[in-house]
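Participant: what would the 3D arrangement of this be:
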Amino acid sequence: MNLINKKVTHKLFGMGSIVKQNDSIIEIHFASENKMFVFPDAFEKHLKLQDKSDASSLDKIIQKREMERKEVEWKKEEERKQQRKKLELRWEHEKLMKHHKLHPESQMVFWCDIEEQNRAFSEWNVFSGAIKSGNNKGKPNKPSRLHQNSAVLLTAIDASKPEKDRRILGVYMVNEDFIGKLCEDGNIPAHSKYKLQLTEQESDQLLFWKYYMNKKSPQTMSWNTGKYRYFDNLWMAQILLDIVSLKSDPKERELAQQFLKHFCKMNQITEQELPKPNGALMHS
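Facilitator: Next comes the predicted model:
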């Protein structure tokens with residue numbers, strides 16, 4: 001907005017004329033001397049344009065700048081809130097890490113359909129599913145029992161076969177900094193190193209119910225509902241031990257051995273003292 005030669009009134013200096021102008025400063029010639037002012041801020045308090053049309057246009061400019069200023073302040077405040085939230089989450093994370101107590105059943109077995117199998121092994125991530133009812137209906141299930149010591153077992157069953165033939169497809173440790181209690185989106189990402197996929201031939205030899213047992217009904221082999229369930233840390237160690245023996249490829253076998261060693265360390269399990277698998281299949 002060009003204000004050169006426009007007449008203004010100042011509360012103290014009286015009538016004047018604008019002689020210079022840029023984006024942030026104007027110079028006004030008064031009867032006694034020239035004065036510099038911050039533009040357009042000075043028009044909010046000290047200066048007034050005599051021409052009503054010019055004054056109206058300038059008001060719009062000032063209002064627009066004020067809105068922009070408020071938006072910048074709002075964004076800064078939002079950034080501050082996000083930073084505070086991140087700090088709070090980090091403190092909570094450190095607290096949970098420091099005071100974590102091993103749960104004897106902190107492993108997860110997941111029932112994968114074809115689409116989930118593809119995602120699990122391409123992205124190395126599974127979704128815990130949504131809550132079916134209640135106040136939190138539709139929100140992701142929070143895998144609250146999972147921690148750094150937890151592994152996720154991926155299983156599937158052919159539609160034509162009975163539940164006892166459920167096969168193990170693969171397994172991974174959860175991401176290094178994953179804490180289930182803080183998981184809001186239901187996604188359970190894999191560890192950067194400890195993740196194993198079985199071949200179809202290996203999978204056929206590794207049946208889930210050889211290891212898993214409903215302790216209230218040892219001979220029953222039924223999944224019923226839900227995408228996942230938790231199970232015993234020892235059972236996962238037994239599965240990993242058998243995966244080591246199944247792997248013929250030297251590199252995969254070495255990774256499986258490292259996986260087992262890491263898992264046992266994280267879960268305070270002595271590999272040499274592992275009992276034999278005693279799942280529901282062993283009782284049928």
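Participant: pull up the gap between the nearest residue to Ile188 once chain neighbours are set aside and Phe37, please.
Facilitator: Nearest residue to Ile188 in three dimensions, chain neighbours excluded: Val126, at 5.2 Å (C-beta to C-beta, 6 or more residues apart in numbering). Using the backbone N, CA and C atoms, a C-beta is placed for each residue, glycine as well. For Val126, the distance to Phe37 equals 64 Å [C-beta to C-beta, to the nearest Å].
Participant: so between those two, which is more surrounded?
Facilitator: With neighbours defined as other C-beta atoms under 10 Å, Val126 and Phe37 compare such that Val126 has more, 25 against 17.
Participant: does the more buried one count as helix, strand or coil?
Facilitator: Recorded secondary structure, Val126: strand (DSSP: H, G, I helix; E, B strand; the rest coil).
Participant: correct me, but it touches Thr155?
Facilitator: No - counting by C-beta atoms under 8 Å, Val126 stays clear of Thr155, with 11.2 Å between them.
Participant: any shared contact partners between these two?
Facilitator: Residues within reach of Val126 and of Thr155 at once, by C-beta atoms under 8 Å, 6 or more residues apart in numbering, are 110, 112.
Participant: number of residues surrounding Ile157?
Facilitator: Neighbourhood size, Ile157 [other C-beta under 10 Å]: 16.
Participant: how about it, nearest residue that isn't a chain neighbour?
Facilitator: Sequence neighbours aside, Arg166 is the residue nearest to Ile157 in space, at 4.5 Å (criterion: C-beta to C-beta, 6+ apart).
Participant: doesn't Leu207 make contact with the one you found?
Facilitator: Yes - using C-beta under 8 Å, Arg166 is in contact with Leu207, at 6.6 Å.
Participant: ok, those two, which is more surrounded?
Facilitator: Arg166 (22 against 19).
Participant: can you pull the contacts of the more buried one?
Facilitator: Taking C-beta under 8 Å, 6+ apart as the test, what Arg166 contacts is 155-157, 207-209, 223.
Participant: try 6 Å
Facilitator: Shown in contact with Arg166 (C-beta atoms under 6 Å, 6 or more residues apart in numbering): 155, 157, 208.
Participant: of the residues you listed, which belong to strands?
Facilitator: Using DSSP state E, the members of those that fall in strands are Thr155.
Participant: could the contacts of Arg166 go into a markdown table alongside distance to Lys75 and pLDDT?
Facilitator: Formatted as a markdown table, the contacts of Arg166 follow (distance: C-beta to C-beta, whole Å; pLDDT from 0 to 100):
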| residue | distance to Lys75 | pLDDT |
| --- | --- | --- |
| Thr155 | 47 | 97 |
| Ile157 | 51 | 93 |
| Phe208 | 51 | 97 |
